[in-house]
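> Just to be clear, the model below is a prediction. Sequence and coordinates:
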Amino acid sequence: MESKKSIKKELYALIAIIVVAVLLLLFVFRNSLFGVGTGYEDVISQYFTAIADRDFSSYVDTMPSAIASDYETEREDLEYSEYQYMDELYYDVFDEFGEDVTITLTFGEATRPDDEYIDYFAESYEEIYGSSINTTNVYGVYVNANFSGSLSESDIEFECFVLKTGGKWYMVGCDFWSEEE
């Protein structure tokens, strides 16, 4: 028969395990509920890698389906291959940095844009695509992108806008600041 001391010890150990498990579940639930985590970094990285590689499929995979469909339709209407379309869409990047451009990212703060900006995005989206989009999880992520190639190298600051819907992060826009501003 176990002593009362031994039973108390086992009970405390069991309580500690339960508390740790509950805290872990709360952490995971909070991150998925509020959209906080590194998932948005993955989609932003994929977006910039697709540009450097001229990988149209990966590029449009970072976007909500309605936006991706617009790019696909435009590419087909122009009768460009996927590579040609990306080359033309980002010709200024390749002209400035070279055909061998690489893009290295450093991530900064992710913040929720102000309500006016989000309302404008939601209204524009509905006007263009004829459907509404859930903007509960929209964030602006500050990114420093180092563009480097055989012709030149430069750091450019972006604010990339990401949206989490259906459990997946998507790119919905990117603003950048040039030295002239």
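Okay, I see it.

> Next one: Val20, what pLDDT does it get?
Looking at Val20, its pLDDT reads 73.

> what number of residues lie near it?
Neighbours of Val20 under the rule other CB atoms under 10 Å: 10. In short, each C-beta sits where N, CA and C put it, glycine included.

> Low-confidence regions, this protein specifically.
1-2, 16, 21, 24-38, 177-181 (pLDDT under 70).

> Recalculate using a threshold of 50.
For the chain, residues meeting the criterion pLDDT under 50 lie at 30-37, 180-181.

> can you give me the strands in it?
In the chain, the strands defined using DSSP state E lie at 102-111, 138-148, 153-165, 168-177.

> how about a markdown table for those strands, with distance to Tyr90 and mean neighbour count added?
Converted to a markdown table, these look like this (distance: least, CB to CB, whole Å; neighbours: other CB atoms under 10 Å):
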| stretch | distance to Tyr90 | mean neighbour count |
| --- | --- | --- |
| strand 102-111 | 11 | 14 |
| strand 138-148 | 11 | 19 |
| strand 153-165 | 13 | 18 |
| strand 168-177 | 12 | 16 |
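
> of all the ones you listed, which lies closest to Asp92?
Across those, Asp92 has its closest neighbour in strand 138-148 (10.8 Å, CB to CB).

> same for that closest one, what does it pack against?
helix 39-53, helix 91-97, strand 102-111, strand 153-165 (3 or more CB pairs under 8 Å, 6 or more residues apart in numbering; DSSP states H and E).

> tell me the angle the last one makes with strand 168-177.
Meaning strand 153-165. Compare the direction of strand 153-165 with that of strand 168-177 by axes from the mean of the first three to the mean of the last three CA atoms, to 10 degrees and you get 140 degrees.

> Give the pairing partners of strand 153-165; include direction for each.
Looking at strand 153-165 with DSSP bridges, its partner strands are strand 138-148 (antiparallel), strand 168-177 (antiparallel).
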